[in-house]
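Trainee: Sequence first, predicted coordinates after that:
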Amino acid sequence: MLRVDGLSHRFGNRAVLSDLSFALDKGGFAFLTGPSGSGKTTLLRILHGSLPLQTGRALVAGHDLAALRPSKLYQLRRDVSVVFQDFKILPERTVVENVALPLTVRGTPKARIERRVASILTALRLTELAHRPCAELAGGEQQRVAIARAVVAGPRLMLADEPTGNLDWELSLRLLDILRQFSAHGTAILMATHNRALVAAAPDAMVITLGGGEADPGGFDVGQAAAPDAAAEATP
Ligand SMILES: Nc1ncnc2c1ncn2[C@@H]1O[C@H](COP(=O)(O)OP(=O)(O)OP(=O)(O)O)[C@@H](O)[C@H]1O
Ligand SMILES: [Mg+2]
């Protein structure tokens, strides 16, 4: 479902990802961890086709990124959903409208959309908020809307960037449980997170650690995290 071989990425002269290789099967579940700045978001953006693949190979839900033309990006996006760190939901639309969107654009019959959306909203405890505009919701509620929208169409692969960043511990565990159920039904999931307790709560899941190998016990990985972002951005 996802296969990455020798993937490296640079911003200017700064190497962010270097020689990364891993594979995730259909229905597999993997955490993507590493300190802030280690390249988690960068990797997810490459896999979703919003940053170009520079070095190495990536096969994403059957699409070879090196051969994927920009005009065919929509094909990748149909198979791969994403939850961004900043949600990207439509604030003036209601919860139901946001969650239904991936099905609406596919031309799914209305009755099926209603059934599917209702069941996802129940799973994520959003039913009571269904007809509220998203702008009025709390951060954690908006995050759950983004997750509901990402899974509603049953993607082959879901990329989630810190999907529990705004959730309390109980909701985080519940979300983890829901994502694992989706993966058991065949959606492969790659989930970036800082939260070690969450990683520990799923001991059988695969863990991909960026930023120089082992997860560091509370400190920074100097090699990856010490270069100031400003310097990285100043180099074209
Ligand atoms: N468009 C860009 N131009 C230049 N540098 C960038 C760009 N995007 C990201 N970077 C740099 O690449 C590094 C990796 O960033 P990235 O956002 O992938 O880290 P992350 O692991 O997701 O961090 P966090 O845990 O804080 O979300 C950072 O140092 C960042 O400043
Ligand atoms: Mg990030």
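Mentor: Nice, I can see it. Numbers count the residues shown, from 1 in each chain. Ligands and ions are numbered 1, 2, ... in the order given.

Trainee: Could you use CA atoms for every contact and neighbour count after this?
Mentor: Noted.

Trainee: for the protein, what's the longest helix?
Mentor: In the chain, with assignment by DSSP state H, the single longest helix is helix 169-184.

Trainee: OK, contacts around T33?
Mentor: Going by Cα atoms under 8 Å, 6 or more residues apart in numbering, T33 touches K40, A192, T193, H194, V207, I208, T209, L210, A215.

Trainee: quick one on the thing from earlier: outside of the longest helix of the chain, which residues touch it?
Mentor: For helix 169-184, the external contacting residues (Cα under 8 Å, 6+ apart) are G27, G28, F29, A123, L124, V151, T164, I189, L198, A201.

Trainee: if you skip the residues just before and after it, what's nearest to the last one?
Mentor: In this structure, A201 finds its nearest non-sequential neighbour in L173, 7.9 Å apart by Cα to Cα, 6 or more residues apart in numbering.

Trainee: and what of T42?
Mentor: Excluding the flanking residues, the one nearest T42 by Cα to Cα, 6+ apart is L51, at 7.6 Å.

Trainee: Would you mind confirming that F87 is in contact with A146?
Mentor: Yes. Applying Cα atoms under 8 Å, one finds F87 in contact with A146, separated by 5.6 Å.

Trainee: Have a look at those two and say which one is more surrounded.
Mentor: For F87 versus A146, neighbours defined as other Cα atoms under 10 Å are more numerous around A146 (25 against 19).

Trainee: got the contact list for that one?
Mentor: Contacts for A146 (Cα under 8 Å, 6+ apart) come out as V83, F87, K88, I89, V99.

Trainee: May I see the ChimeraX selection of the buried members of those?
Mentor: Buried residues among the contacts of A146 (16 or more other Cα atoms under 10 Å), as a ChimeraX selection:
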select :83,87,89,99
